[in-house]
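Undergrad: Fold the stuff below for me.
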Amino acid sequence: MGAAVSVRGYRDADAPALVRLAAEMAAAVDEPPPALTPALLAAATDPADSWCAILVATLDDAAVGFAVTCRRFEAHMARRSLWLADLHVAGEARRRGVATALMAAVGRAALAEGCALVAWDLWTKNSRARAFYDRIGARVDGELLVVSAAAGALATLA
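TA: Numbering: from 1, shown residues only. I've put the predicted structure just below:
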């Protein structure tokens, strides 16, 4: 029997593991290594002005996965939701219930924040993640597209 998965909130001591896991995630989705540092993580999670919340999954006290969430509010629906910005499990820890434990913790966090919905984007080439999300009951919203634009380009609009 393998070690039990544990999920807890991010701690500053997790920074080196999160930097490594984020780099692994970037490589898995054909992105360059992120410029993530412990200082950036500290700033992003600073309780005085937090940009996100991070959950850390551990096996045998080693960080093997993480989920990053951000709060959202949609005025036209008068609805709070949680945005799952990143979810990653180290290659060696996959198929051990880590992603399921992280998603359950994200669901509990959403409910605690008064959210009925968790939303996220998914790289179209990530068939393994798509299969996982299908297994846990997530569905693709065929009516919405994820759209992005560079902040600098938007700032220069007339």
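Undergrad: Spatially central residue for the chain, please.
TA: D86 (2.5 Å; C-alpha atoms, centre = their mean).
Undergrad: May I have the phi/psi pair for that one?
TA: Per-residue torsions, D86: phi -150, psi 140 (degrees, to the nearest 10).
Undergrad: mind starting the numbering at 661 from now?
TA: All right, first residue 661 from here; so that's D746.
Undergrad: The lengthiest strand in the chain packs against which elements?
TA: Determined from DSSP state E, the single longest strand within the chain is strand 722-734. Helices and strands touching strand 722-734, by 3 or more C-beta pairs under 8 Å, 6 or more residues apart in numbering; DSSP states H and E, are helix 675-688, strand 713-719, strand 739-749, helix 758-772. For glycine as for every other residue, the C-beta is placed from the backbone atoms N, C-alpha and C.
Undergrad: can you give me the angle the shortest one makes with strand 739-749?
TA: Regarding strand 713-719 and strand 739-749, their directions subtend 40 degrees when assessed with axes from the mean of the first three to the mean of the last three C-alpha atoms, to 10 degrees.
Undergrad: By neighbour count, which bits of strand 713-719 are buried? Give me those.
TA: Going by neighbour count (16 or more other C-beta atoms under 10 Å), the buried part of strand 713-719 is A713, I714, L715, V716, A717, T718, L719.
Undergrad: partners of it in the sheet?
TA: Strand 713-719 has its sheet partners listed here by DSSP bridges as strand 665-669 (antiparallel), strand 722-734 (antiparallel).
Undergrad: Between its first and last residues, what's the separation in stretch 708-715?
TA: Distance across stretch 708-715, first residue to last, is 18 Å (C-alpha to C-alpha, to the nearest Å).
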